[in-house]
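A.B. asks: Give me a model of this one.
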Amino acid sequence: MKIIGISGVSRAGKDTLYQGLLDAYPEYTFTRLSIADFIRVELADFILNHTGISVWNSTPEEKEMYRPLMVWYGNIKRQQTQGKYFLDRLQEQLHTRSVYVNSDYCIITDIRFKEFSFDEPDWIKSKNGKLIHLRRLDSNCNTILPNNELERKNDPVLQQLADISITWPTIPTQEGIVEYIKTLELLPLK
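C.D. replies: Got it, this is the predicted structure:
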């Protein structure tokens with residue numbers, strides 16, 4: 001199994017790239033891991049009980065309402081553990097669930113931080129993985145901007161550390177996304 005981490009600001013298309021890889025390369029098996037999913041699990045009941053919003057089935061507008069809480073919580077856990085809290089969770093998932101071991105590629109769709117000496121991109125590279133950085137252009141060819149101060153600080157660093165940098169336009173259809181991804185010739189990774 002090869003590990004690919006995808007970085008980029010919110011709405012850059014990290015999950016879209018993952019879905020596009022599935023459709024563009026049916027000859028490979030993929031699994032997805034997300035650090036944000038660990039945060040969702042830990043905050044889901046609190047958010048649902050206090051707002052009536054499900055973190056698993058929310059609209060983009062609802063997601064923007066609870067996103068600051070998720071960022072705040074994730075940042076606290078990272079600060080308390082020098083960035084290792086979520087890396088330990090990733091490691092545990094990779095070694096305890098056969099679905100990951102038996103995949104050709106495990107895609108981690110939200111590599112967002114490089115603040116500590118050993119952080120998310122370092123973990124990817126320690127597994128002989130590759131880091132892809134995404135930058136998306138909106139329909140007016142303007143770069144999608146960082147959503148918060150943490151993204152403003154970390155995204156340029158992640159772009160520098162990336163093995164592959166992609167700037168892509170906003171593509172309105174899944175078919176168009178798949179065709180675009182095929183032109184990138186991302187797989188197989190060497």
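
A.B. asks: okay, CA-based contacts and neighbour counts for the rest of this
C.D. replies: Fine.

A.B. asks: Find out how far the strand or helix carrying residue 23 is from the centre of the chain, if you would.
C.D. replies: Using DSSP states H and E, residue 23 sits in helix 14-24. How far helix 14-24 lies from its chain's middle: 11 Å, per C-alpha atoms, centre = their mean, to the nearest Å.

A.B. asks: following it, which helix or strand shows up next?
C.D. replies: Using DSSP H and E, the helix or strand that follows helix 14-24 towards the C-terminus is strand 30-33.

A.B. asks: Now that next one: average pLDDT?
C.D. replies: Averaged across strand 30-33, the pLDDT comes to 94.

A.B. asks: in whatever helix or strand comes next after that strand, what counts as buried?
C.D. replies: Counting by DSSP H and E, the next helix or strand C-terminal to strand 30-33 is helix 35-51. Buried residues in helix 35-51, counted by 16 or more other C-alpha atoms under 10 Å: 35, 36, 39, 40, 43, 44, 47.

A.B. asks: So what touches the helix or strand of the chain at the bottom of the mean pLDDT ranking?
C.D. replies: Using mean pLDDT, DSSP states H and E, helix 98-101 stands out as the lowest-scoring helix or strand of the chain, at a mean of 71. Helix 98-101 has contacts (C-alpha atoms under 8 Å, 6 or more residues apart in numbering) with 1, 31, 93, 94, 95, 106.

A.B. asks: In that helix, which residues are buried?
C.D. replies: Neighbour-count burial for helix 98-101 flags 100, 101 (criterion: 16+ other C-alpha under 10 Å).

A.B. asks: now it, how far from the centre of its chain.
C.D. replies: Distance of helix 98-101 from its chain centroid, counting by C-alpha atoms, centre = their mean, is 19 Å.

A.B. asks: Just the CA atoms of it, as CSV, please.
C.D. replies: Output in CSV follows, covering the C-alpha atoms of helix 98-101 (Å, rounded to 0.1, in the frame of the first residue of the first chain):
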residue,chain,number,x,y,z
SER,A,98,-7.3,-4.7,7.0
VAL,A,99,-9.2,-2.5,4.4
TYR,A,100,-6.2,-0.2,4.5
VAL,A,101,-3.5,-2.9,4.3
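
A.B. asks: re the thing from before, buried subset of the contacts of helix 98-101?
C.D. replies: For the contacts of helix 98-101, a burial check counting by 16+ other C-alpha under 10 Å picks out 31, 106.

A.B. asks: Quick check: of the contacts of helix 98-101, which lies closest to residue 188?
C.D. replies: For the contacts of helix 98-101, the closest approach to residue 188 (C-alpha to C-alpha) belongs to residue 1, at 11.6 Å.

A.B. asks: Alright, I will stop here.
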